[in-house]
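K.L.:
only geometry, no sequence info:
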């Protein structure tokens, strides 16, 4: 970013990134749907006066058009169902200023190693098969459910959670569809790290 502007930390979780973001920009809005996450984030960032915490859903952003200079969207796109991906990217594009920056880290089955990619894809297939054909859940390919143990995540949440993996080609097509210019994309340890810029405010087809 050329200027120290207003950043949205979308699905901020326990504030692990919010604090660092607030040290480098004028103001941060941290949004999360979980009251428990927001409580931990507030405790972590209690010495910073330039953060506003909002409880809300990433699927219903309560912001006006052209609000943010940048959006930080880390490790949350995997919780977006495939049939809602276009609507959430359209929403992000709507609240982001022209030339604004969007950063995303997106979980994937892809690895630099072909063998590691195959193993991850095979694991996804088994989970999909189980939930789709044995448990009869209405999932699309690439979607699955997995269990989070409260022991592993410090009591934040536990139980069965929706998850979906994507790939670089699908992500690139989606971002191009919504007028994002790709600046950087890196594949590392099961994540696609992506930096894009909003090109114009042309009307979007929905």
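P.N.:
Arrived safely. Predicted model only: the values in this text are computed from it and were never measured.
K.L.:
biggest helix in the chain by residues?
P.N.:
Counting residues, the longest helix in the chain under DSSP state H turns out to be helix 114-129.
K.L.:
now for the helix or strand just after that helix, which elements pack on it?
P.N.:
Note on helix 114-129: by DSSP states H and E, the next helix or strand toward the C-terminus is strand 143-148. Strand 143-148 makes packing contacts with helix 114-129, strand 159-164 when contacts are defined by 3 or more C-beta pairs under 8 Å, 6 or more residues apart in numbering; DSSP states H and E. C-beta coordinates here come from the backbone N, C-alpha and C atoms, glycine included.
K.L.:
quick one, what contacts residue 47?
P.N.:
For residue 47, no contacting residues are found, by C-beta atoms under 8 Å, 6 or more residues apart in numbering.
K.L.:
same check on residue 23?
P.N.:
Contacts were defined as C-beta under 8 Å, 6+ apart; by that measure residue 23 touches residue 48.
K.L.:
just send the helices and strands packed on strand 143-148 back as TSV, with mean neighbour count, distance to residue 179 and mean pLDDT too.
P.N.:
Formatted as TSV, these follow (neighbours: other C-beta atoms under 10 Å; distance: least, C-beta to C-beta, whole Å; pLDDT from 0 to 100):
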stretch	mean neighbour count	distance to residue 179	mean pLDDT
helix 114-129	14	30	92
strand 159-164	14	23	80
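K.L.:
turn those into a markdown table, columns for distance to residue 39.
P.N.:
Putting the helices and strands packed on strand 143-148 into a markdown table (distance: least, C-beta to C-beta, whole Å) gives the following:
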| stretch | distance to residue 39 |
| --- | --- |
| helix 114-129 | 31 |
| strand 159-164 | 19 |
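K.L.:
strands paired with the longest strand anywhere in the chain, and their directions?
P.N.:
Longest strand in the chain by number of residues, with DSSP state E as the criterion: strand 96-107. On the basis of DSSP bridges, the sheet neighbours of strand 96-107 come out as strand 68-74 (parallel), strand 191-198 (antiparallel).
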